[in-house]
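Q: Just the structure for this:
(2 chains)
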Amino acid sequence: METIIETRSLNLWYGRFHALIDVSLRIPPRAITAIIGPSGCGKSTLLRVINRMNERIPGVRVEGDVLLEGRSIYTGPIDLRQLRKRVGMVFQRPNPFPLSVFENVAYGPKIHGLAGGQELERRVERSLRATGLWDALKDRLGVSALSLAPEQQQRICISRLLAVEPDVLLMDEPASALDPIATARIEELMLELKERYTIVIVTHNMQQAARISTRTAFMLLGELVEVGETQTVFTKPSDPKTEQYISGRFG
Amino acid sequence: MADRTRLVGGAFQSLCILACVLIILMLAVILGDIVVHGLGTVTFSFLTKAPETGMTGGGIFPAIFGTFALVVLMTIAVIPLGVATAIYMHEYAPKRSRVVQMVRLAIQNLAGVPAIVFGLFGLGFFIEFIGRGMDRVFYGGELVYGQPAIVWAALTMALLTMPTVVVATEEALRAIPQSYREVAYSLGATRWQMIRCVVLPQAIGGILTGGILAVSRGSGEVAPVMFTGAAYFLPELPARLNSQFMELGYHVYVMTTQSPDVEATKPILYATVLVLLALTFLLNFSAIMIRAQIRKRLRHGR
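A: Next up, the predicted model:
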């Protein structure tokens, strides 16, 4: 299997709490990998290890390694800004800045000095087209992003991320604050995006994982229990704990 | 039982209402008294002329101008200082850091220091130490900055009002959802880019509120400026940073306590207080308008 991200015997502690235990996971490019598991199992932590967002929490310690295209992002000289430009994140609650639609999407290119003037406008348009917002918002780029519906806000957040042209999109329960119809539409969007981007999604919603992901990883109490093709994990799990979780006996 | 509960509740409500009425009444009496006695004296020439004949005649223009200049200078000094302090404490310093605790304690204490102590501190620190030092280094000992001046009065006043700005700014920073900071970092922003594009635009309302409070406080204080720059009588306007100046509050103080003819100055006194109040409201009002304008621009701007 082709691999873009790989974690090797990854351990992470929050102070004394051992949140990730010996996690070794390989993630293929241009596919959706879903991480499922009960609350507190470490799935969000694992996600945030990949762009080193955990480091902002005091008392975090990491052992093991994470490779992005074969190169370690934990040892050696690493430019965090470049890493986060390549590996971006979509959060659980839509969190556009209280700025206009345009300013939201232009934020990333601006801070990275990627584009200005007309080129910036083209980039914003491209990013909004990619999330299906352009036709609805092209005449209202000046309105506050906070005035939009939650689904559109989440699309703005995804556009904002796409505008820096990342390779990997980390999504932390991106639809859990949305209603079912909006969720379905965001899922459709993810299926479109996986043609060009590597997507890793953390989700509570097992149907969602089954519907959209290529591969599924099941985590429990900080350990990676099982990972494989989504269909296999959901129909013929190799570990009894996976089977129990999927059939709803705990979680 | 139910009756008694209702009775107690009713009594409590009445007391609360009474307290509010009392406050409004007191303010009304003060304002009414000032307006009734002062309004007649506030004429165009009163607002545009300098005091004459032992302060029993003429106007108060130098004091109006001096107060205005003082407050503007103070604002220029206190906003950057207070905002930078708050940003350091909230955005840069590690949580629960020793330094931050000390700074916060210092600011709380600063807020409790009597205004007259600030005046004496300004005299000792700004005039005697910094001013004299500057004179020795730059002017060969000639008296230029080592004397009461509007710049020292403004800086003293800035110290007095700094806690207000720091607290208001910190409050505004605290109100910004952590998720905005996270997003900025997750897009690869540096801390400075995060502060400039995410934190500052959102905190601007709170920062300006702090500025407004500082202006209200500063334009009414007398004690900090009486040793540091306010002049007893000075018909010229302050033209340079090291000029002395007249100040409305101090002018009121002088007329009440030092006038040769208290009865003759009474109408002027009332009128001066009225102008002081009006100026404070005006400064406040313009600060509020500026804040509203900035907020509007932020909300709709591209």
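Q: The single nearest residue of the stretch 1-150 of chain B relative to chain A: how many residues sit nearby?
A: Residue nearest to chain A within the stretch 1-150 of chain B: B:Lys95 (6.7 Å; C-beta to the nearest C-beta). No exception for glycine: its C-beta is placed from N, CA and C like everyone else's. B:Lys95 has 7 neighbouring residues, counting by other C-beta atoms under 10 Å in any protein chain shown.
Q: where does the nearest residue to it once chain neighbours are set aside land in three-state SS?
A: Take B:Lys95 and drop its neighbours on the chain: the residue closest to it by C-beta to C-beta, 6 or more residues apart in numbering or on different chains is A:Pro58, 6.7 Å away. Three-state assignment for A:Pro58 (DSSP: H, G, I helix; E, B strand; the rest coil): coil.
Q: what's the pLDDT at A:Pro58?
A: With respect to pLDDT, A:Pro58 scores 83.
Q: do A:Arg249 as well
A: Looking at A:Arg249, its pLDDT is 68.
Q: go on, A:Lys241?
A: 91.
Q: now B:Val198
A: Reported pLDDT for B:Val198: 85.
Q: Before we go further, it is sitting in a strand, right?
A: No: B:Val198 sits outside any strand when classified using three-state DSSP, being helix.
Q: tally of neighbours for it?
A: 21.
Q: Which positions in stretch B:68-85 come out as buried?
A: Across stretch B:68-85, burial judged by 16 or more other C-beta atoms under 10 Å in any protein chain shown covers B:68-71, B:73-75, B:77-79, B:81-83, B:85.
Q: Could you do stretch A:195-210 as well?
A: A:197-206, A:208-210.
Q: Just the element for the residue of the stretch 1-150 of chain B closest to chain A, please.
A: For B:Lys95, there is no host helix or strand (DSSP states H and E).
Q: For it, give me the backbone phi and psi.
A: B:Lys95 adopts backbone torsions of phi -60, psi 150, taken as degrees, to the nearest 10.
Q: for A:Pro94, helix, strand, or coil?
A: Going by three-state DSSP: A:Pro94 is coil.
Q: could you check the distance from it over to A:Ile212?
A: 19 Å (C-beta to C-beta, to the nearest Å).
Q: now swap in A:Leu133 and tell me
A: Relative to A:Ile212, and taking C-beta to C-beta, A:Leu133 is found at 20 Å.
Q: same thing with A:Glu121?
A: Counting by C-beta to C-beta - A:Glu121 and A:Ile212 are separated by 32 Å.
Q: Those two - which one has more neighbours?
A: A:Ile212 (20 against 14).
Q: dump the residue contacts of the more buried one.
A: Counting by C-beta atoms under 8 Å, 6 or more residues apart in numbering or on different chains, A:Ile212 touches A:Ile32, A:Ala34, A:Glu187, A:Met190, A:Leu191, A:Ile201.
Q: let's see 10 Å
A: A:32, A:34, A:186-191, A:194, A:199, A:201, A:203, A:230 (C-beta atoms under 10 Å, 6 or more residues apart in numbering or on different chains).
Q: of those, buried ones?
A: Here, 16+ other C-beta under 10 Å leaves A:Ile32, A:Ala34, A:Ile186, A:Glu187, A:Leu189, A:Met190, A:Lys194, A:Ile199, A:Ile201, A:Thr203, A:Thr230 buried among the contacts of A:Ile212.
Q: Show me how far the strand or helix carrying the third one is from its chain's centre.
A: Of the helices and strands defined by DSSP H and E, A:Ile186 is found in helix A:180-193. Once both centres are worked out by C-alpha atoms, centre = their mean, to the nearest Å, helix A:180-193 turns out to sit 14 Å from its chain's centre.
Q: any idea of the mean pLDDT for it?
A: pLDDT averaged over helix A:180-193 gives 91.
Q: The residue nearest to A:Ser176 when sequence neighbours are not counted and A:Pro150: what is the separation?
A: Of all residues not flanking A:Ser176 in the chain, A:Gln92 sits nearest, at 5.7 Å (C-beta to C-beta, 6+ apart). Distance from A:Gln92 to A:Pro150, counting by C-beta to C-beta: 12 Å.
Q: try B:Val137
A: For B:Val137, the distance to A:Pro150 - C-beta to C-beta - is 62 Å.
Q: So those two - more neighbours on which side?
A: A:Pro150 (14 against 9).
Q: picking that back up, number of residues surrounding the residue nearest to B:Lys95?
A: Neighbours of A:Pro58 using other C-beta under 10 Å come to 10.
Q: Report the contact partners of it.
A: A:Pro58 touches A:Tyr14, A:Gly15, B:Pro94, B:Lys95, B:Arg96, counting by C-beta under 10 Å, 6+ apart.
Q: nearest to A:Asp172, of those?
A: Using C-beta to C-beta, A:Tyr14 comes nearest to A:Asp172 of the contacts of A:Pro58, at 16.7 Å.
Q: the helices in the chain, which residues?
A: Looking at chain A here, since you left the chain open. A:43-49, A:80-86, A:101-111, A:117-130, A:134-137, A:150-162, A:180-193, A:206-212, A:230-235, A:240-246 (DSSP state H).
Q: my bad, the chain I had in mind was chain B
A: Under DSSP H, chain B gives helices at B:2-38, B:44-48, B:61-87, B:98-112, B:115-122, B:132-139, B:150-174, B:178-186, B:191-194, B:200-220, B:223-226, B:248-258, B:262-300.
Q: ok, the nearest residue to B:Gly59 once chain neighbours are set aside - contacts?
A: Of all residues not flanking B:Gly59 in the chain, B:Lys49 sits nearest, at 3.4 Å (C-beta to C-beta, 6+ apart). Counting by C-beta under 10 Å, 6+ apart, B:Lys49 touches B:Thr43, B:Gly57, B:Gly58, B:Gly59, B:Ile60, B:Phe61, B:Pro62, B:Pro235.
Q: picking up where we left off before, let's have the helices of chain B in JSON lines, adding distance to chain A.
A: Shown next, in JSON lines, are the helices of chain B (distance: least, C-beta to the nearest C-beta, whole Å):
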{"stretch": "helix B:2-38", "distance to chain A": "35"}
{"stretch": "helix B:44-48", "distance to chain A": "43"}
{"stretch": "helix B:61-87", "distance to chain A": "17"}
{"stretch": "helix B:98-112", "distance to chain A": "14"}
{"stretch": "helix B:115-122", "distance to chain A": "38"}
{"stretch": "helix B:132-139", "distance to chain A": "41"}
{"stretch": "helix B:150-174", "distance to chain A": "13"}
{"stretch": "helix B:178-186", "distance to chain A": "4"}
{"stretch": "helix B:191-194", "distance to chain A": "5"}
{"stretch": "helix B:200-220", "distance to chain A": "6"}
{"stretch": "helix B:223-226", "distance to chain A": "38"}
{"stretch": "helix B:248-258", "distance to chain A": "40"}
{"stretch": "helix B:262-300", "distance to chain A": "6"}
